[in-house]
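K.L.:
Kindly return the folded structure for what I paste below:
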Amino acid sequence: MLSERRATMMAELNEAQAEAEEALARSTKIKEDGETAETAFIPEFYGWKMEHTFRAKNRAGNMGIEKMWFYLSKDITEVTDIDDN
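P.N.:
As a prediction, this is how the structure comes out:
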């Protein structure tokens with residue numbers, strides 16, 4: 001009975017060790033891929049982002065502080081998007 005328990009524990013230990021080695025191999029591969037992705041990444045400038053904060057009346061007529069983000073083209077000649085959080 002003790003030898004069966006020992007055999008079961010050894011089998012579980014070997015299985016856990018194999019899983020740990022597989023996880024280590026995957027993490028090493030991910031790290032290597034991440035490093036190559038970082039070196040291959042070339043940033044591209046899309047334009048400008050401007051935050052505008054202002055006071056305005058809401059529909060109920062109460063004053064409030066509003067904030068909007070304006071996304072501008074590279075040469076700042078046109079607004080490409082507006083985000084009103």
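K.L.:
Report the beta-bridge partner residues of K67.
P.N.:
Assessed by DSSP bridges, K67 has beta-bridge partners T53.
K.L.:
ok, it touching H52?
P.N.:
Yes: here K67 reaches H52: they are 7.3 Å apart, a contact under CB atoms under 8 Å. From N, CA and C alone the C-beta is placed, and that goes for glycine too.
K.L.:
So which residues of this structure form helices?
P.N.:
Under the criterion DSSP state H, the chain carries helices at the ranges 2-40.
K.L.:
domain parsing for it?
P.N.:
As assigned by automatic domain parsing, the chain contains the domains 1-42, 48-83.
K.L.:
could these be laid out in JSON lines, adding mean neighbour count and mean pLDDT?
P.N.:
Listed next are the domains of the chain as JSON lines, based on neighbours: other CB atoms under 10 Å; pLDDT from 0 to 100:
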{"stretch": "domain 1-42", "mean neighbour count": "9", "mean pLDDT": "77"}
{"stretch": "domain 48-83", "mean neighbour count": "10", "mean pLDDT": "93"}
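K.L.:
May I have stretch 11-21 as PDB, with CA atoms only?
P.N.:
Extracted in PDB, the C-alpha atoms of stretch 11-21 (Å, rounded to 0.1, in the frame of the first residue of the first chain):
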ATOM      1  CA  ALA A  11       4.100   9.700 -11.200                       C
ATOM      2  CA  GLU A  12       2.400  13.000 -10.200                       C
ATOM      3  CA  LEU A  13       5.800  14.600  -9.500                       C
ATOM      4  CA  ASN A  14       7.100  13.500 -13.000                       C
ATOM      5  CA  GLU A  15       4.000  14.900 -14.600                       C
ATOM      6  CA  ALA A  16       4.300  18.200 -12.800                       C
ATOM      7  CA  GLN A  17       7.900  18.500 -13.700                       C
ATOM      8  CA  ALA A  18       7.200  17.800 -17.400                       C
ATOM      9  CA  GLU A  19       4.400  20.500 -17.400                       C
ATOM     10  CA  ALA A  20       6.800  23.000 -15.700                       C
ATOM     11  CA  GLU A  21       9.500  22.300 -18.400                       C
END
